[in-house]
Every structure is written in structure tokens, then in C-alpha cells.
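Q: sequence and predicted structure below; questions after.
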Amino acid sequence: MMEKGKRARAAARTLALADAETKSAGLRAAAAAIREASADILAANAQDVARARGEGISDAFIDRLTLTPERLEGVAAGVEAVAELPDPVGKVLESWTRPNGLTIERVRTPLGVVGVIYESRPNVTADAAALCLRAGNAVILRGGSDSLASSGAIHQAFVKGLESVGLPGDAVQFVNVADRAAVGLMLAGLGGNVDVIVPRGGKSLVARVQNDARVPVFAHLEGIVHIFVDKAADLDMAKSVVLNAKMRRTGICGAAETLLVDRAVAGTHLKPLVQMLLDVDCEVRGDGDVQAIDPRVKAAADEDWDTEYLDAIISVKVVDGLADAISHIESHGSHHTDSIITSDQATADRFLAEVDSAIVVHNASTQFADGGEFGFGAEIGIATGRMHARGPVGAEQLTSFKYRIHGAGQTRP
């Protein structure tokens with residue numbers, strides 16, 4: 001592991017000097033190599049899936065692990081999409097001239113070496129590698145033990161593509177052992193060779209990373225996502241957005257977990273919303289007002305307001321207007337993504353200003369909390385911290401900056 005860190009640091013120095021087109025060519029070659037190796041990748045994935053089934057892993061987990069020809073094509077296409085993104089490295093963010101004639105520029109630079117620790121989804125191997133490379137970073141990938149064969153096969157193809165255009169293979173390294181000690185070494189920074197860690201997985205993984213890391217972390221612990229249906233909400237819009245936000249994909253971090261309905265429209269909006277969810281086999285856990293709507297509603301316990309279900313379950317509460325909704329979100333939210341449905345622009349503006357989440361949404365589904373939907377090509381994860389990166393972490397968020405100063409012989413008096 002320590003040797004991987006040293007090789008990654010050396011590769012990062014090379015990548016930092018690579019021009020935009022060379023990196024794009026490397027990504028396009030990596031996508032082509034993934035397609036060429038599709039039979040081997042799918043065979044490796046079949047081994048992973050068979051082993052997981054034999055261990056009695058849940059169907060939801062198996063779905064995240066499974067690759068199909070269509071999903072693998074999506075992986076390759078995603079790498080190509082990142083290849084077409086603007087190169088953030090070297091971009092001048094700001095420039096000014098001081099009274100003494102010095103010109104100062106703030107310029108984007110790579111972070112250096114990124115460590116990515118993830119679970120089950122083998123596609124993350126290519127997504128993370130592509131984004132790190134686009135931003136001029138080397139990356140050390142540690143996938144879940146359940147997807148070692150799949151992720152290893154994707155990694156092998158990706159590196160083959162990079163090396164075909166002269167980029168260093170050590171720019172993308174993969175930890176091909178299941179030993180958890182490898183994670184501990186990455187969290188300690190591999191002797192100062194890892195600059196940032198990005199965890200991608202369940203709550204226990206992210207909690208361990210946040211607790212144990214000795215280097216900066218880009219992550220979110222939970223996605224306790226809210227939708228507030230304001231008194232000025234259009235009912236049809238509310239039904240459409242809530243249904244999509246909860247049920248499009250229940251297992252992603254942008255899925256709605258709590259629905260808040262303004263008491264001012266509870267008489268007209270609450271029952272249609274709740275029954276719509278119940279009718280599509282979504283379990284509803286509600287307060288007393290919500291339970292009175294339909295006998296199928298289960299009583300919400302205190303912990304329901306603090307739970308990320310990642311399943312067809314939603315907690316529903318009636319609140320006394322905007323201020324009460326914001327207070328509930330502040331008390332129970334995870335600063336990930338929260339949405340308001342309203343036709344009142346002043347109310348929407350206040351919600352967007354006062355809700356302290358990485359992503360705040362007006363009149364749209366929370367399932368847009370995704371780097372691809374932001375135009376980032378892909379994402380390496382969602383960050384809910386307040387330092388450096390926040391929201392979807394794409395190529396631009398995987399950079400830092402430095403100052404370049406141009407003079408003509410000035411000295412300081």
C-alpha cells in the first residue's frame with residue numbers, strides 16, 4: 001500500500017503537466033478498452049454476483065452489483081462524456097494588478113492523489129478514475145470485497161487505455177485485496193501521499209472514513225431528504241414531483257425520505273398525496289394528522305424523522321407553514337438535498353436561502369441530486385460539508401488553486 005502511494009504521487013506530478021487533449025485521448029482510449037474487454041468484465045461480474053447470491057445478499061444489493069451489457073455500455077459512455085468536459089486545470093479564475101505593477105492570477109490546479117473507497121457498485125471504478133484523471137489527479141481505488149473481480153477487470157481495461165496514449169498506468173491504481181487493513185492505511189494517508197479521501201457507500205463505511213481519516217474527506221453520511229408542499233403548491237405538480245422523488249429509485253441518496261405538508265392545504269393536498277404513495281406500495285409512516293387520512297398509514301416513531309430508508313418507505317408530517325418546515329429540516333435533515341413545491345416565489349426564495357443543505361430545489365424532484373444532471377458528466381459522490389467541495393463532486397470540485405504572480409523586478413520596501 002505504501003508503494004502504491006509513492007507511485008501515485010509520481011504519476012500525479014506527470015498528470016499535472018499533461019495537456020487537456022492528452023487526458024481526453026486517454027479517457028476515450030479507456031472507454032474503448034472497456035468495450036473491448038466487455039466479455040471479460042461481464043464474466044468477472046458473473047463470478048461476483050454468484051458469490052454474493054451464495055452468501056444470501058439482498059436483491060437490492062445484487063442489483064447494485066450486477067453489470068449487464070447495457071450497463072457496461074453506460075459505463076464506457078460515461079467515461080467518454082467526461083472526456084468531453086472542459087479541462088479545469090490551468091483555468092484562470094481571477095486576475096488583478098496591484099498598484100506596484102504586480103499581476104496576480106488565481107489558477108486551478110489538481111488536488112494531487114485522491115483515495116476513493118467504495119462498495120458494491122463496480123461502475124464507480126470507471127466513474128471515479130475518469131473524473132480524477134480529467135482533473136489531473138492520480139487515484140487509488142479500493143472497491144468492496146464483493147466486487148473485486150468486476151472492479152479489477154474494469155480497472156485493468158481502463159489502465160490499458162491510458163497507457164496506449166502514453167499516460168502513466170500508476171495514475172489509476174486498484175487495491176485488489178479484501179483486507180480491511182488496506183482501508184486503514186489509506187485513511188492514514190499512505191505516508192503523506194494521499195491528499196483527500198472520497199467514500200462512496202453505506203452509512204457504516206462513510207462513518208468509519210469520517211471518524212478515522214487523517215486527511216480531508218469529501219462525503220455525506222446520510223441523505224435524509226425532504227419535500228415541503230407549501231400552501232401555494234399546485235396539487236398536480238406536487239403529486240408528480242413527490243412520486244418521482246420517492247419512487248423513481250428508492251435506493252439512491254437523492255430519494256425523498258420525508259414529506260412535509262403545510263397545514264393550510266392539508267384538507268386538499270394531504271389525502272391525495274398519501275393515497276398516491278400507498279397505492280404504489282410505498283409504506284407511509286405518519287403523525288396523527290396523516291394517520292387519520294387512511295388506515296393503511298403506520299404511526300411514525302421519533303426515529304422515523306431521522307431515518308434514511310433507501311426503500312419504498314416515507315415519513316409524512318403536517319407542519320404549520322414555512323417556518324415550521326424549515327425548523328423540522330434543520331432539526332432532522334442531513335444537509336444533503338431538500339425541495340419546496342410552491343407557486344409563491346417569495347416563499348421559494350426564503351426556503352432556498354434559509355435551508356442549509358448542499359442542494360436546495362424549487363418545484364422539482366430531489367432525484368436531480370446527481371452530477372450527471374448538473375452537467376458535470378458524472379460525479380465521484382455528494383459532499384455535504386462546508387469546506388471546499390459541496391454538492392456533487394465532479395472534475396472541477398477535484399481541483400484546488402494556486403496564485404501566480406508576474407512582476408518586472410519589483411522588490412518590497
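A: Perfect, I can see it now.

Q: need the pLDDT of Val114.
A: On the pLDDT scale, Val114 is placed at 97.

Q: and it, how close does it get to Glu379?
A: Distance, Val114 to Glu379, using CB to CB, to the nearest Å: 13 Å. For every residue, glycine as well, the C-beta is placed using N, CA and C.

Q: repeat for Arg28
A: 20 Å.

Q: now Ala171
A: 20 Å.

Q: compare those two (neighbour count), which wins?
A: A count of neighbours by other CB atoms under 10 Å puts Ala171 above the other of Ala171 and Glu379, at 28 against 24.

Q: start to end distance for stretch 264-282?
A: One end of stretch 264-282 sits 25 Å from the other (CA to CA, to the nearest Å).

Q: which parts of that stretch are buried?
A: Across stretch 264-282, burial judged by 16 or more other CB atoms under 10 Å covers 265-266, 269-270, 273-274, 276-278, 282.

Q: and stretch 217-237, by the same measure?
A: For stretch 217-237, by 16+ other CB under 10 Å, it's 217-233.

Q: do stretch 319-329 as well
A: For stretch 319-329, the neighbour count (16+ other CB under 10 Å) marks 319, 322, 324-326, 328-329 as buried.

Q: ok, stretch 289-305 next?
A: Buried, per 16+ other CB under 10 Å, within stretch 289-305: 289-291, 293-294, 297, 300, 304-305.

Q: can you list contacts of it?
A: Residues from elsewhere that reach stretch 289-305, judged by CB atoms under 8 Å, 6 or more residues apart in numbering: 258, 263, 266, 270-271, 274-275, 278, 283-287, 315-318, 328, 331-332.

Q: secondary structure element holding Ala219?
A: Counting by DSSP states H and E, no helix or strand carries Ala219.

Q: from Gly136, how far out is it?
A: For Ala219, the distance to Gly136 equals 22 Å [CB to CB].

Q: separation between the most far-flung residue of the chain relative to its centre and Arg98?
A: Relative to the centre of the chain, the most outlying C-alpha is that of Pro413, 49.1 Å out, by CA atoms, centre = their mean. According to CB to CB, Pro413 and Arg98 sit 13 Å apart.

Q: related to what we said a few turns ago, among the buried residues of stretch 319-329, which one lies nearest to Gly201?
A: Ile329 (24.7 Å; CB to CB).

Q: was I right to think Phe368 contacts Ile252?
A: No - using CB atoms under 8 Å, Phe368 makes no contact with Ile252, being 11.1 Å away.

Q: endpoints of stretch 293-302, how far apart?
A: Using CA to CA, the two ends of stretch 293-302 sit 20 Å apart.

Q: nope, stretch 228-238 is what I was after
A: End residues of stretch 228-238 are separated by 9 Å (CA to CA).

Q: would you map the strands across the stretch 201-350 of the chain?
A: Assigned by DSSP state E, counting those that start in this stretch, the stretch 201-350 of the chain shows strands spanning 225-229, 256-262, 283-286, 298-299, 313-319, 337-341.

Q: what's the closest of those to Leu185?
A: Closest of the strands of the stretch 201-350 of the chain to Leu185 is strand 337-341, at 32.8 Å (criterion: CB to CB).

Q: name the strands paired with the closest one and say parallel or antiparallel.
A: strand 225-229 (parallel), strand 359-362 (parallel) (DSSP bridges).

Q: contacting residues around Gln47?
A: Contact analysis of Gln47 by CB under 8 Å, 6+ apart lists Ala149.

Q: helix, strand, or coil at it?
A: Secondary structure, DSSP: H, G, I helix; E, B strand; the rest coil: Gln47 is helix.

Q: so how far is Ile41 from it?
A: Using CB to CB, Gln47 is found at 11 Å from Ile41.

Q: quickly list what's touching both of those two.
A: With CB under 8 Å, 6+ apart, Gln47 and Ile41 have no common neighbours.

Q: shaky segments in the stretch 101-250 of the chain?
A: Low-confidence segments of the stretch 101-250 of the chain (pLDDT under 70): none present.

Q: now the helices for it?
A: Using DSSP state H, counting those that start in this stretch, the helices found in the stretch 101-250 of the chain span residues 123-134, 148-164, 181-187, 203-212, 235-247.

Q: present those helices as a markdown table; the columns should include distance to Asp195.
A: A markdown table is the format used below for these (distance: least, CB to CB, whole Å):
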| stretch | distance to Asp195 |
| --- | --- |
| helix 123-134 | 11 |
| helix 148-164 | 20 |
| helix 181-187 | 12 |
| helix 203-212 | 15 |
| helix 235-247 | 35 |
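
Q: minimum distance to Leu93: which of those helices has it?
A: Among those, helix 123-134 sits nearest to Leu93 (CB to CB), with 17.4 Å.
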